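In: Sharing a model prediction with you, sequence too.
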Amino acid sequence: ARTRESIRQNLVEEDRWKLLAGGLGVTLELSLLSLLLAILLGALLCYLRMRPGAAVSGMTRVFVDVIRGIPVLVILMIMCYVIFARAHLSGVTVAVFSFGLFYGACFSEVFRTGMLSVDRGQWEAGAALGLNKMQVFRLIAFPQALKRIVPVFKGDVVSLIKSTSIVGYVAVLDLTSAGDIIRTRTLDAFFPLVLVSIIYIILSRVSGALLDALDRKLNATK
């Protein structure tokens, strides 16, 4: 009876479940767009870091170290209240840039480690077959590196999803913020927090399972 009353009070009454559904949609949007931006930025930073020439490589390394050394919440606040303060961008857009920047720096190191794990002889063998550098990268080096990247990449993806819970600081109504609104209206802290936690666990498990499936497929490919 007590559980039914909590469900009624926190979800059914005033259609409060719609707050959670809307917040979940924002969390998914943030996670997917931030992940896409982080992958693109991470690949670019990895490329710049591995380019011949100490100047570009060194500046990229410093940039990556600085971004990774700043808490993602601080980056979010800087983006919102300093860099984009007068840009009139939505909170979601600012959050995507913030998470994309932070996790792009993190991903770049994952990508670089994966590329460095490919034996130099593979590049030389590809060149001996008459392939140019881009063909060697696409056909030989990248598939081998990807097999080593995915298991490590999974942890960062799950971390990104959970990090989106801080966007309430810049007035974005995500899953966590929706739970907070319900809590303030019902004065029931336990049920909304537990429900939000369960949803995040499900999101983390699903994303991890998808990457595990990709990892098995890659390793099954000869």
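Out: Everything's here; your move.

In: Just checking the distance from the lowest-mean-pLDDT helix or strand in the chain to the centre of its chain.
Out: For the chain, the helix or strand with the lowest mean confidence is helix 133-136, at a mean of 74 (criterion: mean pLDDT, DSSP states H and E). The chain centroid and the centroid of helix 133-136 are separated by 28 Å under C-alpha atoms, centre = their mean, to the nearest Å.

In: In CSV, could you pull the C-alpha coordinates for the following helix or strand past it?
Out: Next in sequence after helix 133-136, counting helices and strands by DSSP states H and E, comes helix 142-163. What follows is helix 142-163 as a C-alpha-only set of coordinates in CSV (Å, rounded to 0.1, in the frame of the first residue of the first chain):
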residue,chain,number,x,y,z
PHE,A,142,42.3,1.7,-37.5
PRO,A,143,40.5,-1.8,-37.4
GLN,A,144,43.3,-3.1,-35.2
ALA,A,145,43.3,0.0,-32.9
LEU,A,146,39.5,-0.1,-32.6
LYS,A,147,39.6,-3.6,-31.1
ARG,A,148,41.8,-2.2,-28.3
ILE,A,149,39.9,1.1,-27.9
VAL,A,150,36.4,-0.2,-27.4
PRO,A,151,36.9,-1.9,-24.0
VAL,A,152,38.5,1.2,-22.5
PHE,A,153,36.0,3.5,-24.4
LYS,A,154,33.1,1.9,-22.6
GLY,A,155,34.0,3.4,-19.2
ASP,A,156,34.3,6.9,-20.6
VAL,A,157,30.9,6.6,-22.4
VAL,A,158,29.2,5.5,-19.1
SER,A,159,30.9,8.3,-17.3
LEU,A,160,29.7,10.8,-19.9
ILE,A,161,26.1,9.7,-19.4
LYS,A,162,26.3,10.0,-15.7
SER,A,163,28.0,13.4,-15.9
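
In: Could I get the average pLDDT for helix 142-163?
Out: Helix 142-163 comes out with an average pLDDT of 87.

In: counting contacts, what elements does the next helix-or-strand element following it pack onto?
Out: Per DSSP H and E, the first helix or strand lying C-terminal to helix 142-163 is helix 175-186. Here helix 175-186 touches helix 17-50, helix 190-220, going by 3 or more C-beta pairs under 8 Å, 6 or more residues apart in numbering; DSSP states H and E. To be clear about C-beta, it is placed using only N, CA and C from the backbone, and glycine gets the same treatment.

In: Out of those, indicate the one that is most buried.
Out: Most buried of the helices and strands packed on helix 175-186 by mean neighbour count (mean count of other C-beta atoms under 10 Å) is helix 17-50; its value is a mean of 18.

In: Reformat the helices and strands packed on helix 175-186 as TSV; add distance to residue 80 and mean pLDDT.
Out: Putting those into TSV (distance: least, C-beta to C-beta, whole Å; pLDDT from 0 to 100) gives the following:
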stretch	distance to residue 80	mean pLDDT
helix 17-50	14	93
helix 190-220	23	91
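
In: Distance to residue 81 added to those helices, as JSON lines?
Out: Putting the helices and strands packed on helix 175-186 into JSON lines (distance: least, C-beta to C-beta, whole Å) gives the following:
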{"stretch": "helix 17-50", "distance to residue 81": "18"}
{"stretch": "helix 190-220", "distance to residue 81": "26"}
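
In: check contacts around residue 29.
Out: Shown in contact with residue 29 (C-beta atoms under 8 Å, 6 or more residues apart in numbering): residue 92.
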